[in-house]
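>>> build me a model from this:
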Amino acid sequence: MKTILHTSNTRGHADHGWLNSYHSFSFGGYHNAERMNFGVLRVLNDDTVAAGRGFGTHPHRNMEIISIPLEGDLQHMDDMGNSTIIKAGDVQVMSAGTGVSHSEYNKNKDAEVKFLQIWIIPNEQSVSPRYDQISIKDIATKNSLYQILSPNADDAGVWIHQNAWFHLGEYDSEITDSYTLKQKGNGVYIFVLEGEIEIANQRLNKRDGFGIWETETFDFKINEDSKILVMEVPMSI
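Model (predicted):
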């Protein structure tokens with residue numbers, strides 16, 4: 001078993017006034033040669049957008065882009081004709097493929113919006129651009145992990161062009177759980193949204209990230225009420 005710890009205070013940070021963003025991996029003006037990616041997990045940004053502000057129209061290619069709102073309402077528009085609102089309890093996915101342009105704005109004029117922006121390197125290049133969003137409220141469970149993303153359109157959650165699986169978990173304190181990897185050669189990156197957990201004798205606090213690979217399964221303990229995101233991804237790009 002191999003592991004890597006990224007504590008919250010070691011993340012890259014950009015404060016643009018309207019956007020306050022923390023980068024678990026190199027992004028924009030933040031470059032760290034030792035923090036380029038975790039396998040095919042290329043970007044994990046923890047974004048807070050000021051009221052009424054947002055990302056103007058901009059392009060992407062050949063990337064699987066996942067947005068997970070944590071607070072507030074995020075308005076999405078793209079050149080595929082989609083115009084939607086995503087909020088906490090939703091998951092959004094966009095396969096950029098051959099090319100897509102989109103914008104993301106804080107819908108509200110009196111409150112911030114907070115969301116995770118995640119980029120996954122796809123296992124297929126130049127696919128047809130695709131957009132989807134779902135509510136995960138009906139599949140959410142307490143004190144166990146529930147799947148929100150997979151490679152399979154028929155599975156729970158959204159799907160992407162990569163052999164990756166994402167799970168969320170909302171736990172009460174003093175619970176022990178485990179995760180079994182779904183594909184040999186994959187690793188798991190755990191991101192603590194709230195609370196404190198313990199994995200492989202390592203305590204993780206809010207916004208800490210922890211990678212684990214070369215194992216088939218691992219246990220984790222919830223030290224206080226917590227919410228975690230578990231991202232299983234191929235380690236080979």
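>>> number of nearby residues for Gly211?
Gly211 has 19 neighbours, counted by other CB atoms under 10 Å. Where you see a C-beta, it was placed from the backbone N, CA and C, and this is true even at glycine.
>>> per-residue confidence at His6?
Looking at His6, its pLDDT is 98.
>>> quick check: bridge partners of the nearest residue to it once chain neighbours are set aside?
Nearest residue to His6, sequence neighbours excluded (CB to CB, 6 or more residues apart in numbering): Gly209, at 4.1 Å. Following DSSP bridges, Gly209 is listed with bridge partners His6, Phe191.
>>> just checking, Gly209 touches Thr3?
No. The pair Gly209 / Thr3 is not scored as a contact, 11.1 Å apart, by CB atoms under 8 Å.
>>> which one's more surrounded, those two?
Gly209 (25 against 16).
>>> contacting residues for the more buried one?
Residues in contact with Gly209 (CB atoms under 8 Å, 6 or more residues apart in numbering) are Leu5, His6, Ser8, Ser24, Leu44, Tyr189, Ile190, Phe191, Val192.
>>> quick check: PyMOL command selecting the buried ones in those.
Buried residues within these, by 16 or more other CB atoms under 10 Å, are selected in PyMOL with:
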select buried, resi 6+8+24+44+189+190+191+192
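>>> export the contacts of Gly209 as a markdown table, with columns for distance to Met77.
Formatted as a markdown table, those follow (distance: CB to CB, whole Å):
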| residue | distance to Met77 |
| --- | --- |
| Leu5 | 38 |
| His6 | 32 |
| Ser8 | 31 |
| Ser24 | 27 |
| Leu44 | 24 |
| Tyr189 | 30 |
| Ile190 | 32 |
| Phe191 | 27 |
| Val192 | 32 |
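>>> ok, the contacts of Gly209 vs His167, which is closest?
Ile190 (9.8 Å; CB to CB).
>>> excluding chain neighbours, what is closest to the closest one?
Among residues not flanking Ile190 along the chain, Phe210 sits closest, at 4.8 Å (CB to CB, 6+ apart).
>>> my read: that neighbour touches Leu5, true?
Yes. The pair Phe210 / Leu5 is scored as a contact, 5.6 Å apart, by CB under 8 Å.
>>> and for those two, which residues touch both?
Counting by CB under 8 Å, 6+ apart, the residues touching both Phe210 and Leu5 are Gln202, Leu204.
>>> care to break this protein down by domain?
Following automatic domain parsing, the chain resolves into domains at 12-135, 145-234.
>>> flag the shaky bits of the chain, pLDDT-wise.
Under the criterion pLDDT under 70, no range of the chain is flagged.
>>> residues contacting Gly28?
Gly12, Ala14, Ser21.
>>> one more: Asn45?
Applying CB under 8 Å, 6+ apart, one finds that Asn45 lies in contact with Ser21, Tyr22, His23, Ser24, Phe27, Leu116, Gln117, Ile118.
>>> before we move on, what about Thr217?
By CB under 8 Å, 6+ apart, the residues touching Thr217 are Ser178, Tyr179, Thr180, Leu181.
>>> buried subset of the residues you listed, written for ChimeraX?
With 16+ other CB under 10 Å as the burial test, the buried ones among the contacts of Thr217 are selected in ChimeraX as follows:
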select :179,181
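>>> any chance of CSV for the contacts of Thr217, columns secondary structure and distance to Ala88?
Conversion of the contacts of Thr217 to CSV gives the following (DSSP: H, G, I helix; E, B strand; the rest coil; distance: CB to CB, whole Å):
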residue, secondary structure, distance to Ala88
Ser178, strand, 27
Tyr179, strand, 24
Thr180, strand, 28
Leu181, coil, 28
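>>> can you redo the contacts of Thr217 as CSV with distance to Ser226?
CSV is the format used below for these (distance: CB to CB, whole Å):
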residue, distance to Ser226
Ser178, 15
Tyr179, 14
Thr180, 20
Leu181, 21
